[in-house]
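[1] Just need the structure, nothing else, for what follows:
(chains A, B and C)
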Amino acid sequence: MGRATWFEADGTKRGEWTEEEDRKLIAYIDVYGIGDWRFLPHKAGLQRCGKSCRLRWFNYLRPGVKKGKFTPQEEQTIISFHSTLGNRWATIAQQMPGRSDNDIKNHWNSCLKKRLERNGIDPMTHKPIINLAVKTQSSNTDCGSSSSSMASPPSSSSPSGSVRLLNKIATGISSRQHGVDRIKNILSDPSIASINSQEEEFEQLKKDHGKMFASDDQEEDDFLMWDEEKVRHFMEEIDVTNFETNFNPSSPPPYGVYETGLFDNHLI
DNA sequence: AAGTGAAGCAACCGCGGCGTT
DNA sequence: CAACGCCGCGGTTGCTTCACT
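    A predicted model of the protein is given here:
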């Protein structure tokens, strides 16, 4: 795979690396170690730019780099770290020895992100995706019309107005909450900074985010549904009308649907 | 068997942070 | 303290492979 080989005007080679180039880079670093990437290519006898050498080394050639498929555990680790760190691939990679940031990023973009979306989870906020494009039902009392002749009984696939209202609110929370400030706060959390070993970190993640993980014997594509009855019960508890009126985007939402486990308690 | 789109992977590009002058 | 250059990071692109029709 990779890109076709070509040469820049100054003679710098671009594109896919050959085995010969790999050998040269490895041999040089074995002897001299990683130094100034700018001059390394010349010293190593490579017609590459320093950036390209660095990328090749860290993503592919360095000792201990793990290639091949990601294990379910690794995937869960990525998802969990992403939920707190966002797209900080280098930071996430530090917690996963052997995996490069590029590898993790690629796996996220090509696989995990889509899988979360399929499962009804917003990959950016790690909160449930709310489908607002659901067809309006005649049984709704808050939509002003009940003239449809195609009336059908309420079901989980045709949420009532109350469900849609809650979904709308939740979407608003999700879209506003995930930001740099939140990430900064999390990064400054000593409980995260103190995570050292991979095992410890995974246990911590399971503790912090365990509820978002499907159990081992659970199908990965199990869909998280906003059950109408539970949603109604939830709304009664939180007084949705008041919630929507007083909601201030610049301040943290009064109900962390995800973090508090409320999502699990009420909506699963 | 051929066509087509999705998935996976490797590498490039551009920007921001940081150290040096 | 501003200017400069290097490095690292995240986003994106381009290519191959695979799966499905």
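
[2] distance of residue A:100 from DNA strand B?
    Per Cβ to the nearest atom of the strand, to the nearest Å, residue A:100 is found 9 Å from DNA strand B. In this view, the C-beta of every residue, glycine as well, is placed from N, C-alpha and C.

[3] show me what contacts that residue?
    A:58, A:59, A:60, A:65, A:93 (Cβ atoms under 8 Å, 6 or more residues apart in numbering).

[4] same deal with residue A:114?
    Contacts of residue A:114 by Cβ under 8 Å, 6+ apart: none found.

[5] residues from chain A in reach of DNA strand B?
    The interface of chain A toward DNA strand B, taken as Cβ under 7 Å from any atom of the strand, is made up of A:1-3, A:14-17, A:51-52, A:55-56, A:59-60, A:67-69, A:102-103, A:105-107, A:109-111, A:114.

[6] Show me which of those residues are buried.
    Neighbour-count burial (16 or more other Cβ atoms under 10 Å) applied to the residues of chain A next to DNA strand B gives A:17, A:52, A:55, A:56, A:59, A:103, A:105, A:107.

[7] These in strands, which ones?
    Nothing among those maps onto strands, per DSSP state E.

[8] Keep only those residues that also lie close to DNA strand C.
    Within those, those near DNA strand C by Cβ under 7 Å from any atom of the strand are residue A:105.

[9] biggest separation within the buried ones among the residues of chain A next to DNA strand B, which pair?
    The span of those, defined through Cβ to Cβ, is set by A:52 and A:107 at 21.9 Å.

[10] Wondering if stretch A:61-80 reaches DNA strand C at all.
    No. Judged by Cβ under 7 Å from any atom of the strand, stretch A:61-80 and DNA strand C are separated, with a smallest distance of 12.1 Å.

[11] pLDDT weak spots in chain A?
    Across chain A, residues meeting the criterion (pLDDT under 70) sit at A:1-2, A:130-268.

[12] The same query, at a cut-off of 50, please.
    Chain A contains residues with pLDDT under 50 at A:132-203, A:205-206, A:209-268.

[13] interface residues of chain A facing DNA strand C?
    Selection of chain A residues close to DNA strand C by Cβ under 7 Å from any atom of the strand yields A:1-4, A:36-38, A:50-51, A:54, A:87-91, A:101-102, A:105-106, A:109.

[14] Please name the residues that touch residue A:48.
    A:12, A:13, A:21, A:41, A:56.

[15] Could you tell me which of those residues belong to strands?
    residue A:13.

[16] rewinding a little: which of the contacts of residue A:100 fall in helices?
    Using DSSP state H, the subset of these located in helices is residue A:93.

[17] Show me which pair in the contacts of residue A:100 is furthest apart.
    Taking Cβ to Cβ as the measure, the contacts of residue A:100 reach their widest spread between A:60 and A:93, a distance of 13.8 Å.

[18] wait, doesn't residue A:85 sit right on residue A:94?
    No. The pair residue A:85 / residue A:94 is not scored as a contact, 10.2 Å apart, by Cβ atoms under 8 Å.

[19] between these two, who's got more neighbours?
    residue A:85 (17 against 12; other Cβ atoms under 10 Å).

[20] which non-adjacent residue is nearest residue A:81?
    Leaving aside its chain neighbours, residue A:81 sits nearest to residue A:92 (4.6 Å; criterion: Cβ to Cβ, 6 or more residues apart in numbering).

[21] Count the neighbours of the one you found for me.
    Per other Cβ under 10 Å, the neighbour tally for residue A:92 reads 22.

[22] Any buried residues in stretch A:76-83, and which?
    Going by neighbour count (16+ other Cβ under 10 Å), the buried part of stretch A:76-83 is A:76, A:77, A:78, A:79, A:80, A:81, A:82, A:83.

[23] wait, I meant stretch A:20-34
    A:21, A:24, A:25, A:26, A:28, A:29.

[24] quick one: which of those is nearest DNA strand C?
    Nearest to DNA strand C among these: residue A:29, at 12.6 Å, using Cβ to the nearest atom of the strand.

[25] dump the residue contacts of that closest one.
    So residue A:29 contacts A:44, A:57, A:61 (Cβ under 8 Å, 6+ apart).

[26] just checking, the first one touches residue A:50?
    Just to be clear, that refers to residue A:44. No. Assessed by Cβ under 8 Å, residue A:44 is found out of contact with residue A:50, at 10.4 Å.

[27] Done for today, thanks.
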